[in-house]
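A.B. asks: the sequence isn't on hand, but the structure is:
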């Protein structure tokens, strides 16, 4: 069955927007250029998106979909499964450049910054689910500081993305996961409070 016309038009404009960002950067996105590349009338784009920033974030979000949350019954295995899925996203040169470009633009544009933070928070829900399940199994402290945990999880990927992008694919996931788990449980093993 064919998709409704409005859905098909939305797919075209999102696809065109992602194409522009990946090829030419965030600043190259305009409603005029999206209309030209997608073949969708500018008035139709305005009906779907009030601002360019909304269009931009939804288009990029579609390029980096969060994978299903693994549920192996074990924290280490869950993290390995999750990282194995997302590692290629960090290693993709075009997506990496687009992500860094977006972060830089969000730092200068207050509306884009707010929208971007909401998107990031939505994406951390997958990791929080992994943590919550591990807490229920007794693998992580009940009063785990989720923000600290996210720092440990994302740090290895973002450091390499920023400083050593060619080495993202060389990141040893098993060793990285073991270090993350050790850091998150260190205070508990020492008999100290789990939070700062």
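C.D. replies: Structure's in. What do you need? In this text the structure is predicted, and so the values were computed from the model without any measurement.

A.B. asks: and residue 82, how close does it get to residue 107?
C.D. replies: 27 Å (CB to CB, to the nearest Å). Yep, even glycine has a C-beta here, placed from its N, CA and C like the rest.

A.B. asks: more neighbours, the two?
C.D. replies: Higher neighbour count among residue 82 and residue 107: residue 82, with 21 against 11, using other CB atoms under 10 Å.

A.B. asks: quick one: contacts for that one?
C.D. replies: Going by CB atoms under 8 Å, 6 or more residues apart in numbering, residue 82 touches 67, 69-70, 126-127, 130.

A.B. asks: are any of the residues you listed buried, and if so which?
C.D. replies: Neighbour counting over those (16 or more other CB atoms under 10 Å) leaves 70, 127, 130 as the buried ones.

A.B. asks: three-state assignment of the second one?
C.D. replies: What it means is residue 127. helix (DSSP: H, G, I helix; E, B strand; the rest coil).

A.B. asks: show the pLDDT at it.
C.D. replies: On the pLDDT scale, residue 127 is placed at 86.

A.B. asks: what do you get for the last one?
C.D. replies: pLDDT for residue 130: 93.

A.B. asks: how about the nearest residue to it, chain neighbours excluded?
C.D. replies: Spatial nearest neighbour of residue 130, chain neighbours left out: residue 78 (4.9 Å); criterion: CB to CB, 6 or more residues apart in numbering.

A.B. asks: residues touching residue 84, list them.
C.D. replies: Residue 84 makes contact with residue 173, according to CB under 8 Å, 6+ apart.
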